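Asks: I would like the atomic coordinates for the input below:
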Amino acid sequence: MELLKSDLAEFTQVIQNDTVSTIAATALAFKEKLNVEESTEGCHNISKGLSSFLGAISEACTPAVEESDVPHVKTVKDTQMRFSEPYDGVKIRLCNLQANPATYCAKPDEQYNFWLSSFSLEDEKWTISNLLVNRPEIRDLYAKLVPNEVAHNDFWYRYFYKVHELHQVSTAMC
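Replies: Predicted coordinates for the structure are as follows:
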């Protein structure tokens, strides 16, 4: 368990360092792009340059993925980038849900036990691994809450129940 914790801590540190480097490079590129546009043709080009720069950032931050031979695993094919999809309300609510400690700690409602009877945590092992690797907010909350405040199974049952509720609400709205 200590080995896993140290690996997660090291992974978190690497991600944080890479994020800081990326933000610094983005800020520098942003500053340079604004200076070039400002010196050439005035305010109209500044807004146009800003818009194209933000589009380039979106493209650069969203790698193209393809299914690999291993089921349920997506890998980055190469550095070829694609346009990102705009965030919709469901994605934003999902991100908020993932970062909220109440998602994992709050006692579920009466519908929870009915939902739980048809849910298999075993079937979600890959998803759990993927979330712990790719979602630092979930990984941090997991490290903070499990097992001191909530059991491992309860943490994930509550998460998947909240995601289920979110999908039900979004389906009902369509």
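Asks: C-terminal to the worst-scoring helix or strand of the chain on mean pLDDT, what's the next element?
Replies: Lowest mean confidence among the helices and strands of the chain (mean pLDDT, DSSP states H and E): strand 74-81, at a mean of 34. The element immediately downstream of strand 74-81 (helix or strand, assigned by DSSP states H and E) is helix 89-99.
Asks: what's next to that next one, contact-wise?
Replies: Residues outside helix 89-99 that contact it (CB atoms under 8 Å, 6 or more residues apart in numbering) are 103, 131, 135, 137-138, 141, 159, 162-163, 166-167, 170. Glycine gets a C-beta too; all of them are placed from N, C-alpha and C.
Asks: 10 Å instead, please
Replies: Residues from elsewhere that reach helix 89-99, judged by CB atoms under 10 Å, 6 or more residues apart in numbering: 85, 87-88, 103-104, 131, 135-138, 140-141, 159, 162-163, 165-167, 169-171, 173.
Asks: Would you mind checking those residues for buried ones?
Replies: 103-104, 131, 136, 138, 141, 159, 162-163, 165 (16 or more other CB atoms under 10 Å).
Asks: show me where pLDDT drops low in the protein?
Replies: 17, 20-22, 24-88, 174 (pLDDT under 70).
Asks: circling back: the contacts of helix 89-99 in helices, which ones?
Replies: Those of the contacts of helix 89-99 mapping onto helices are 103-104, 131, 136-138, 140-141, 159, 162-163, 165-167, 169-171, 173, per DSSP state H.
Asks: could you dump stretch 99-112 to CSV, C-alpha only?
Replies: C-alpha atoms of stretch 99-112 as CSV (Å, rounded to 0.1, in the frame of the first residue of the first chain):
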residue,chain,number,x,y,z
ALA,A,99,-14.4,17.4,-7.5
ASN,A,100,-17.0,17.6,-4.7
PRO,A,101,-16.2,15.7,-1.5
ALA,A,102,-19.9,15.4,-0.8
THR,A,103,-20.2,13.1,-3.8
TYR,A,104,-18.3,10.5,-1.9
CYS,A,105,-19.2,11.2,1.7
ALA,A,106,-22.8,12.2,1.8
LYS,A,107,-25.4,9.5,2.6
PRO,A,108,-27.3,8.6,-0.6
ASP,A,109,-31.1,9.0,-0.9
GLU,A,110,-33.7,6.2,-0.8
GLN,A,111,-33.3,5.3,-4.5
TYR,A,112,-29.7,4.3,-3.8
